[in-house]
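>>> coordinates only, sequence not included:
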Ligand SMILES: O=P(O)(O)OC[C@H]1O[C@](O)(COP(=O)(O)O)[C@@H](O)[C@@H]1O
Ligand SMILES: [Mg+2]
Ligand SMILES: [Mg+2]
């Protein structure tokens, strides 16, 4: 098969009427910025990019140098293009406006510039996650409230994994597709089109160290996975936890499985660990477009009306059968299943 570059693929999507020229340019710009982030992460200790930045973010987390560097790279790349009205990031409290004097576009971009920050210094795969929305008509200086749109209104979503290979996974709502960076040529090349996540799973990903804090339905569900053949599920399950959402989700997009970051007593007050606007919604869109499912344990993530730019939610995503069963156990426990 003749290799299809990301640019060619974007032209195909435009011809099919799935995207317009501005969105196509936006994806090109984000992909190029991610190549630069890949180069920065690849330098490791030699590039002086490891360790803490000495600053904190709106989440109350200590920022890593690469959190700040990746954020800067994405802001710089998107400042001039005419394809954006504004952007928002995990690393910034408020949206970033397009500087005066630069043309503005009709899209809003949200991103987690560096996902899996706790793994940077130990050379484990990290990534970038992004989501694209339409800027409401007539809005020239988008505020946080203009970004608060349900995940079902996303025009595009994607993530890049900086691992042994650099891989971009993308959806425009017409299937989920994977591109691998050809480092010699410097361009992303289509490596899998219309990915399907198997409905059944034999691998689950969850931070087991939180087990004693989980709610009863999650204790029950994971207890049955661990019981394997000897329990009601009648089959064995294997466990994986990279602690980089992009890497755990990419494994699922590649060979199936499920990922959970449920609500637990430790994070109840904040509503969850992962952020809906630039982690849960884009990953939900990608997984659903590949035939998987994504809920909070109680409802479809993409139907939630967000209330805050940095709002957190519980995340259950991956192979449909497992996500539906875990969700069923929660609704049953809530007495919502009559
Ligand atoms: O440290 P824990 O509890 O295992 O949590 C790991 C989760 O936190 C995250 O690192 C949060 O994302 P950031 O690194 O972008 O803050 C996810 O990638 C990952 O799934
Ligand atoms: Mg993250
Ligand atoms: Mg991050």
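Perfect, thanks for sending it. Small disclaimer: the values here were computed from a predicted structure and weren't measured. Ligands and ions are numbered 1, 2, ... in the order given.
>>> C-alpha only now, for contacts and for neighbours.
Noted.
>>> Would you map out the domains in the protein?
For the chain, automatic domain parsing gives the domain ranges 6-192, 203-337.
>>> Please convert those to TSV, extending it with mean pLDDT.
Below are the domains of the chain laid out as TSV (pLDDT from 0 to 100):
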stretch	mean pLDDT
domain 6-192	96
domain 203-337	97
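>>> Minimum distance to ligand 3: which of the ones you listed has it?
Comparing the domains of the chain against ligand 3 with CA to the ion, the closest turns out to be domain 6-192 (3.8 Å).
>>> Quote the end-to-end distance of the closest one.
12 Å (CA to CA, to the nearest Å).
>>> and it, anywhere near ligand 1?
Yes - judged by CA under 6 Å from any ligand atom, domain 6-192 comes into contact with ligand 1 through 112, 114-118.
>>> check the residues you listed against ligand 3, which are close?
112, 114-115 (CA under 5 Å from the ion).
>>> where exactly do the helices run in the stretch 201-338 of the chain?
Secondary structure of the stretch 201-338 of the chain (DSSP state H, counting those that start in this stretch): helices located at 216-227, 245-255, 281-289, 320-333.
>>> circling back to that earlier point, among the ones next to ligand 3 among the residues of domain 6-192 next to ligand 1, which one has the most neighbours?
If you count neighbours using other CA atoms under 10 Å, the busiest of those is residue 114, which has 28 neighbours.
>>> what about the residue lying closest to residue 53 once chain neighbours are set aside, neighbour count?
Leaving aside its chain neighbours, residue 53 sits nearest to residue 65 (4.3 Å; criterion: CA to CA, 6 or more residues apart in numbering). A count of nearby residues for residue 65, using other CA under 10 Å, gives 19.
>>> any chance of the helices of the stretch 201-338 of the chain in TSV, plus mean neighbour count and distance to ligand 3?
Shown next, in TSV, are these (neighbours: other CA atoms under 10 Å; distance: least, CA to the ion, whole Å):
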stretch	mean neighbour count	distance to ligand 3
helix 216-227	17	26
helix 245-255	21	10
helix 281-289	27	14
helix 320-333	19	24
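>>> Reformat these as CSV; add distance to residue 9.
Conversion of these to CSV gives the following (distance: least, CA to CA, whole Å):
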stretch, distance to residue 9
helix 216-227, 40
helix 245-255, 20
helix 281-289, 17
helix 320-333, 28
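>>> nearest to residue 190, of the ones you listed?
helix 245-255 (14.3 Å; CA to CA).
>>> Let me see the ranges of the strands in the stretch 1-150 of the chain.
Using DSSP state E, counting those that start in this stretch, the strands of the stretch 1-150 of the chain run over residues 52-56, 62-64, 86-89, 96-97, 107-115, 126-134.
>>> can the third one be found next to ligand 3?
No - among the residues of strand 86-89, none lie within reach of ligand 3 under CA under 5 Å from the ion; the closest is 8.8 Å away.
>>> what does that strand contact?
71, 75, 94-98, 107-113, 141-142, 278 (CA atoms under 8 Å, 6 or more residues apart in numbering).
>>> picking that back up, mind putting the strands of the stretch 1-150 of the chain into TSV with distance to residue 159?
Converted to TSV, the strands of the stretch 1-150 of the chain look like this (distance: least, CA to CA, whole Å):
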stretch	distance to residue 159
strand 52-56	24
strand 62-64	19
strand 86-89	14
strand 96-97	20
strand 107-115	9
strand 126-134	4
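>>> check contacts around the residue nearest to residue 53.
49-53.
>>> measure residue 320 to residue 297 for me?
To residue 297, residue 320 is 13 Å away according to CA to CA.
>>> for residue 236, same thing?
22 Å.
>>> Spatially nearest residue to residue 25, not counting backbone neighbours?
Counting by CA to CA, 6+ apart, the residue nearest residue 25 is residue 83, at 6.9 Å.
>>> Next, give phi and psi for the one you found.
Main-chain dihedrals, residue 83, degrees, to the nearest 10: phi -110, psi 0.
>>> Can you give me the neighbour number for it?
Neighbours of residue 83 under the rule other CA under 10 Å: 24.
>>> Would you mind measuring from it to residue 279?
22 Å.
>>> now do residue 121
Distance from residue 121 to residue 279, by CA to CA: 21 Å.
>>> State the distance from the closest residue to residue 193 other than its chain neighbours to ligand 1.
Nearest non-adjacent residue to residue 193, counting by CA to CA, 6+ apart: residue 177, 4.6 Å away. To ligand 1, residue 177 is 21 Å away according to CA to the nearest ligand atom, to the nearest Å.
>>> So which of residue 121 and residue 279 has more stuff around it?
The residue with more neighbours, out of residue 121 and residue 279, is residue 279; 27 against 16, by other CA under 10 Å.
>>> Could I get the contacting residues of the nearest residue to that one once chain neighbours are set aside?
Closest residue to residue 279 apart from its sequence neighbours, by CA to CA, 6+ apart: residue 129 at 6.5 Å. Residues in contact with residue 129 (CA under 8 Å, 6+ apart) are 111-115, 157-160, 246, 278-279, 282.
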